[in-house]
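**Q** Structure, please.
(one chain, ligands or ions: 1)
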Amino acid sequence: MAKSAKIAKIRTPIVCVLGHVDHGKTSLLDRIRGSSVVSSEAGAITQHIGATLVPIEAIRAMSTSMQKIPVTVPGLLFIDTPGHHAFTTLRARGGALADMAIVVVDINEGFQPQTIEALQILRGCKTPFVVALTKIDRVHGWRVVENAPFLTTFAQQNERIQEFMETRHYEIVGKLSDLGFNCERFDRVQDFARNIAIVPISAHTGEGIADLLMVMIGLAQRYMEQSLAMSVDGPGCGTVLEVKEERGLGPTLDVILYDGTLSVGDEIMLASEDGVITTKVRSLLKPRPMKEILTEERFERVKSVVAASGVKVAAPNLDRVIAGSPLRGVRGDREAVATQIRQEMEEIHVKLVEDGLVIKADTIGALEALCQELENKEIGVMRAAVGPVSRHDLITAETIKNPLYKVVLAFNTPLLPDAADIVKETKQMKVFSGRVIYQLIDAYLLWRDQQKRAMEQQKFENIIIPAKIRIMPNCVFHQSNPAVVGVQVMEGKLRTDVNLVHLDGRKVGHLKTIELSLENVHEAEEGSEVSIAIEGATIGRQADVGDILFVDLPERHVKVLEKEMLSHLTAGTQAVLEEFTSMKRKVEPFWGK
Ligand SMILES: Nc1nc2c(ncn2[C@@H]2O[C@H](COP(=O)(O)OP(=O)(O)OP(=O)(O)O)[C@@H](O)[C@H]2O)c(=O)[nH]1
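**A** Residues are numbered from 1 along each chain as shown. Below is the predicted model:
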């Protein structure tokens, strides 16, 4: 008895189709929709507002192997707008509206930037999905078996094609595994909760489509029974797809109802540009079946709809309702419902840190997906907001201490003119814009690495490098003011503008210039013979022919040399450093530590 109660309560899962541009998202949806036209009996596929309902009977009719399998999922509701923009924009209770997804991958093109992005978004939202490896009919030499299940059509193909399919399949499995997903061809999947199924299909010939729908049902059944066992009797909860003016009706809302029931006369709450509003459902409309469209009104009036369902809502005061707003049937505590709506409009599930980036995106969903990916890459976010990049965002970014985070990442959202002016004028504020999350992050990481290297280089450039030199015989060109002598760089790298000392610490003077083959140079490598000018030294007093001298190293520089730069120094330079520091540490054991 408990079981039948559960069966009655499970609702239709909502499905979104994602994938790279032109990989065949719309064609797949068209194919699924197209299979309905033939029949208008109960169980036929029906057009909803903004969505298409494929009832379980229709899927059973397509697939002979599913006839006998007991299934409690009533069908699948496909959102008509494909792509990850729709997926991330359409939200329910702070998460994605779609319960499941299909990621379409063109078998001939494989993974493309937006394929990876779709997968990252789905991972971020923890949405279960299936991969549809599409356009199999385009594989050279493919023998079409219209509407056949994949295994039937696969068996008809010659060995070369079968091999090609396997190779392509394993390439995709490999790519998915690199991204951390465990996948297999659908007929080899043992547990849908552990393995992601790959279904080869063609939207043009219908091959594999029944398998795809069956796998989606399997996924819903195994993986989602709990989350789909919702209160279809409760007050309706939905998401507004669009606010549309309809002739004779005024402003209406296209809504996907994902939970509960919505009836004419119900009081509902929504988010509008003026805050939360309350209104009463005047009528609920569904599209008329195709054949009646020409003779009658475009819509059919219904008294009540049950989740999941796409419906048009007519009610007073809808003109300022925000697309993407939650819709809530009001029963009981009105204030609690209003608070919930406010929270859903604002809430984004990300941890903000003090030292992190400023990020902007066009929708809350996109913002969350971007945050998630940044978090996976251990990049912190300091401010995350929806909307175009403003002056205020740039000023906020400017206050960030770490120079590597002083940037704004803008996903699918423009710069306001005053912000663009600041960027143009100062040339210091960096704004990364992009329409593909991972490319946007990659562009930032590339810049960050370059910046890091440049900062390190700059830091190292200011550090005095150790060197040991010897004044060569017969090479005193000038006794003093300055003393000019020929020296050999024994170890290390000799640079201008350093002080020279003896090993016992006695001062010699300041090395002002270096000359190599009659030309002034900034530095001289180990082994080279150069002439140097030493200010403040007189040969015969502070230094003499044959003397071995060292570049004097300040304590602070020794710390950087030993702790951060050691691996960048040559063996010779390391040796001088050691000789120099041991001399210092004889007197002061913790010198430079
Ligand atoms: N042969 C063959 N062509 C296909 C198949 N699916 C899609 N196509 C073709 O691929 C092209 C792109 O298909 P769409 O369905 O528009 O792709 P999309 O992913 O919706 O494209 P966007 O909405 O622009 O991102 C069209 O020319 C389709 O006819 C298929 O299964 N077989």
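
**Q** didn't K377 look like it was pressed against D442?
**A** No - contact criterion Cβ atoms under 8 Å: K377 and D442 do not qualify, at 9.8 Å. Every residue, glycine included, has its C-beta placed from N, CA and C.

**Q** So for these two, which sits in the more crowded spot?
**A** Taking other Cβ atoms under 10 Å, K377 and D442 do not tie; D442 has more neighbours (15 against 12).

**Q** Buried ones in the longest strand along the chain, by neighbour count?
**A** Counting by DSSP state E, the longest strand found in the chain is strand 467-478. For strand 467-478, a neighbour-count test (16 or more other Cβ atoms under 10 Å) marks 467-471, 476 as buried.

**Q** Using PDB, write down the CA coordinates of it.
**A** Output of strand 467-478 as PDB, limited to C-alpha atoms (Å, rounded to 0.1, in the frame of the first residue of the first chain):
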ATOM      1  CA  ALA A 467      79.800  36.800  -6.800                       C
ATOM      2  CA  LYS A 468      83.500  36.200  -6.000                       C
ATOM      3  CA  ILE A 469      86.200  38.000  -8.100                       C
ATOM      4  CA  ARG A 470      90.000  38.200  -8.200                       C
ATOM      5  CA  ILE A 471      92.000  41.300  -9.100                       C
ATOM      6  CA  MET A 472      94.200  40.100 -12.000                       C
ATOM      7  CA  PRO A 473      98.000  41.000 -12.100                       C
ATOM      8  CA  ASN A 474      99.100  43.700 -14.500                       C
ATOM      9  CA  CYS A 475      95.600  45.100 -14.800                       C
ATOM     10  CA  VAL A 476      95.500  48.100 -12.600                       C
ATOM     11  CA  PHE A 477      94.400  50.800 -15.000                       C
ATOM     12  CA  HIS A 478      93.700  53.500 -12.400                       C
END
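
**Q** Check what contacts that strand and list those residues.
**A** 483-495, 498, 500, 529, 531-533, 539, 543-551, 573, 576, 579 (Cβ atoms under 8 Å, 6 or more residues apart in numbering).

**Q** Return the subset of those lying in helices.
**A** 573, 576, 579 (DSSP state H).

**Q** where does the stretch 301-450 of the chain come near the ligand, residue by residue?
**A** Residues of the stretch 301-450 of the chain lying close to the ligand (Cβ under 6 Å from any ligand atom): none.

**Q** domains for the protein, by residue range?
**A** Using automatic domain parsing, the domain parsing of the chain gives 9-229, 237-346, 357-460, 467-587.

**Q** give the contact list for V353.
**A** Contacts for V353 were tallied using Cβ under 8 Å, 6+ apart; they are 380-382.

**Q** that older thread, among the ones in helices among the contacts of strand 467-478, who's most crowded?
**A** V576 (24 neighbours).

**Q** so that one makes contact with G492?
**A** Yes - the pair V576 / G492 is scored as a contact, 4.3 Å apart, by Cβ under 8 Å.

**Q** Spell out which residues are contacts of both of these two.
**A** Residues touching both V576 and G492 by Cβ under 8 Å, 6+ apart: 466-468.

**Q** now those residues as JSON lines including pLDDT and distance to the ligand?
**A** As requested, the shared contacts of V576 and G492 are exported to JSON lines (pLDDT from 0 to 100; distance: Cβ to the nearest ligand atom, whole Å):
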{"residue": "P466", "pLDDT": "95", "distance to the ligand": "60"}
{"residue": "A467", "pLDDT": "96", "distance to the ligand": "62"}
{"residue": "K468", "pLDDT": "96", "distance to the ligand": "66"}
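
**Q** Could you export those to a markdown table, including columns for distance to I196?
**A** Below are the shared contacts of V576 and G492 laid out as a markdown table (distance: Cβ to Cβ, whole Å):
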| residue | distance to I196 |
| --- | --- |
| P466 | 57 |
| A467 | 60 |
| K468 | 63 |
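
**Q** For G95, which non-adjacent residue is spatially closest?
**A** C125 (6.2 Å; Cβ to Cβ, 6 or more residues apart in numbering).

**Q** What is the burial count for the closest residue to the ligand within the stretch 401-550 of the chain?
**A** For the stretch 401-550 of the chain, the residue closest to the ligand is R435, as judged by Cβ to the nearest ligand atom, at 12.3 Å. Burial measure for R435: 14 neighbouring residues, criterion other Cβ under 10 Å.

**Q** can you count the residues close to the nearest residue to it once chain neighbours are set aside?
**A** Using Cβ to Cβ, 6+ apart and skipping the chain neighbours, the partner closest in space to R435 is N412 (5.4 Å). A count of nearby residues for N412, using other Cβ under 10 Å, gives 19.

**Q** and the spatially closest residue to P287 that is not a sequence neighbour, how many neighbours?
**A** Closest residue to P287 apart from its sequence neighbours, by Cβ to Cβ, 6+ apart: Q47 at 4.8 Å. For Q47, the count of nearby residues is 17 (other Cβ under 10 Å).
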